[in-house]
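Novice: Quick one, fold the following:
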Amino acid sequence: MIELGVEIGGQTLSLGDRYMRIGDILVIADLHLGKTMHFRKSGLPIPARARDADQSNLISLLNDVRPKKLLVLGDLFHSSSNSECEELAMITSRFADVEFELVMGNHDILAPEVYRSLDFETCDRWSLHNFLFTHEPMEDVPDGIINIHGHIHPGIRLFGKGRQSMLLPCFHLQPAHFCIPAYGMLTGLMRRHPAKGDRVFALLPDAVTEMTI
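Specialist: Purely as a prediction, here's the structure:
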């Protein structure tokens with residue numbers, strides 16, 4: 001996918017396929033690793049190959065971008081510890097030159113030592129320039145700060161000339177908040193209804209494009 005470079009908050013960000021880059025820092029949110037297994041245990045017919053899609057995509061992304069740091073904005077795993085922990089540990093050990101950090105989310109319920117064993121540092125929020133990174137959107141954002149967050153799994157509906165429509169993942173910029181899409185493939189989408197002055201960047205099959213609001 002072709003990245004889209006945008007200026008937000010006086011900084012240049014590169015928006016890609018469910019990720020963003022600020023210099024050599026790679027930011028993703030809401031992997032929900034293990035959700036496929038959770039569905040299968042509940043009797044839902046999820047193809048077995050879907051289980052490996054997020055891990056494979058993450059490896060490819062790290063290989064392509066070669067970031068100095070990977071910042072995950074919450075919900076690394078979907079629920080309790082499972083085989084995905086071991087698989088993620090193999091990924092982090094494969095990229096020993098990358099710093100891994102997790103901004104804790106509502107699904108991040110494992111003991112702190114589990115995340116340390118996966119080479120992840122953890123925090124409740126993380127800051128860079130005039131950006132404040134969290135999992136859930138902040139209710140009160142300090143003046144001059146943009147809160148970059150996940151949690152919502154944003155989507156934007158596109159309409160064709162007929163009655164056909166499609167809901168696509170998107171980045172949604174509001175005056176004080178920048179919501180980024182979920183990286184996990186089976187997380188679902190919550191349709192956004194942008195207000196005047198918002199900016200929305202939709203993820204098309206081969207590019208990220210800004211929509212006209």
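Novice: Roughly how far does the residue positioned nearest the centre of the chain sit from residue 212?
Specialist: In the chain, the residue lying closest to the centroid (C-alpha atoms, centre = their mean) is residue 29, at 2.5 Å. Distance, residue 29 to residue 212, using C-beta to C-beta, to the nearest Å: 25 Å. (C-beta placed from N, C-alpha, C; glycine too.)
Novice: One more: residue 201?
Specialist: With C-beta to C-beta as the criterion, residue 201 and residue 212 are 12 Å apart.
Novice: These two: which is more packed in?
Specialist: Ranked by neighbour count (other C-beta atoms under 10 Å), residue 201 and residue 212 place residue 201 first, with 23 against 5.
Novice: ok, and the closest non-adjacent residue to the more buried one?
Specialist: Leaving aside its chain neighbours, residue 201 sits nearest to residue 171 (4.2 Å; criterion: C-beta to C-beta, 6 or more residues apart in numbering).
Novice: count of neighbours near the one you found?
Specialist: Residue 171 is flanked by 26 other residues according to other C-beta under 10 Å.
Novice: I'd say it and residue 154 touch.
Specialist: Yes: with contact defined as C-beta atoms under 8 Å, residue 171 reaches residue 154; the gap is 7.3 Å.
Novice: now stretch 156-165: how far from the chain's centre is it?
Specialist: Per C-alpha atoms, centre = their mean, to the nearest Å, the displacement of stretch 156-165 from the mean C-alpha position of its chain is 25 Å.
Novice: Sorry, slip of the keys, the one I care about is stretch 6-21.
Specialist: From the chain centre to the centre of stretch 6-21 is a distance of 13 Å (C-alpha atoms, centre = their mean).
Novice: got the buried residues for that stretch?
Specialist: 6, 8, 13, 14, 15, 16, 17, 18, 19, 20, 21 (16 or more other C-beta atoms under 10 Å).
Novice: ok, residue 199 - contacts?
Specialist: 6, 172, 173, 210, 213 (C-beta atoms under 8 Å, 6 or more residues apart in numbering).
Novice: can you pull up the bridge partners for it?
Specialist: residue 173 (DSSP bridges).
Novice: can I assume the residue nearest to the centre of the chain is in contact with residue 135?
Specialist: Yes: Residue 29 is within contact range of residue 135, at 7.2 Å (criterion: C-beta under 8 Å).
Novice: if we can go back for a sec, dump the residue contacts of the residue nearest to residue 201.
Specialist: By C-beta under 8 Å, 6+ apart, residue 171 lies in contact with 15, 20, 154, 178, 179, 180, 181, 200, 201, 208.
Novice: quick one on the thing from earlier: got the buried residues of stretch 6-21 as a markdown table, with pLDDT and distance to residue 144 columns?
Specialist: Compiled in a markdown table, the buried residues of stretch 6-21 are given as follows (pLDDT from 0 to 100; distance: C-beta to C-beta, whole Å):
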| residue | pLDDT | distance to residue 144 |
| --- | --- | --- |
| 6 | 97 | 19 |
| 8 | 96 | 13 |
| 13 | 98 | 17 |
| 14 | 98 | 23 |
| 15 | 98 | 22 |
| 16 | 97 | 27 |
| 17 | 95 | 30 |
| 18 | 97 | 28 |
| 19 | 98 | 25 |
| 20 | 98 | 20 |
| 21 | 98 | 22 |
